[in-house]
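>>> sequence plus predicted model, see below.
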Amino acid sequence: MTNLNTENLSSDEVIKLVMPALIKDVKAKAYVQDAAPSDAEVLGLIVSKFNQWDRDSIFETFVEALEDSNFHSDVDTVRELV
């Protein structure tokens, strides 16, 4: 990916700009040619690698995604498991 000028964009606009390109690039580089991973699978790979395969960091990322989506009761359930 190249340097992007995101200075005047909202966070939603940055996500819409960056994530499809990131997912496409990772699909092309991280999987064998005939593989057809879902976007969710690729995003899981990205999160795992970004968090350096650290269980607690991956769980925290998951919990924050639930929290941001207003799944508060699910957040409580997940926190009890960890």
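In hand now; what should we look at? A quick note: this is a predicted structure, and the numbers were derived from the prediction, not measured.
>>> from here on, contacts and neighbour counts on C-alpha atoms
Fine.
>>> quick one, domains of the chain?
9-50, 52-82 (automatic domain parsing).
>>> for Asn3, find the nearest of these.
domain 9-50 (10.7 Å; C-alpha to C-alpha).
>>> switch the domains of the chain over to JSON lines; also include mean neighbour count.
Formatted as JSON lines, those follow (neighbours: other C-alpha atoms under 10 Å):
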{"stretch": "domain 9-50", "mean neighbour count": "13"}
{"stretch": "domain 52-82", "mean neighbour count": "13"}
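>>> can you redo those as JSON lines with distance to Asn3 and mean pLDDT?
Putting those into JSON lines (distance: least, C-alpha to C-alpha, whole Å; pLDDT from 0 to 100) gives the following:
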{"stretch": "domain 9-50", "distance to Asn3": "11", "mean pLDDT": "95"}
{"stretch": "domain 52-82", "distance to Asn3": "24", "mean pLDDT": "92"}
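>>> quick one, helices of the chain?
11-30, 39-50, 55-68, 72-81 (DSSP state H).
>>> from the contact counts, what lies against the longest one?
Applying 3 or more C-alpha pairs under 8 Å, 6 or more residues apart in numbering; DSSP states H and E, we find helix 11-30 packed against helix 39-50.
>>> hmm, who's touching the helix it packs on?
Residues from elsewhere that reach helix 39-50 (C-alpha atoms under 8 Å, 6 or more residues apart in numbering): 23, 26-27, 54, 58, 61.
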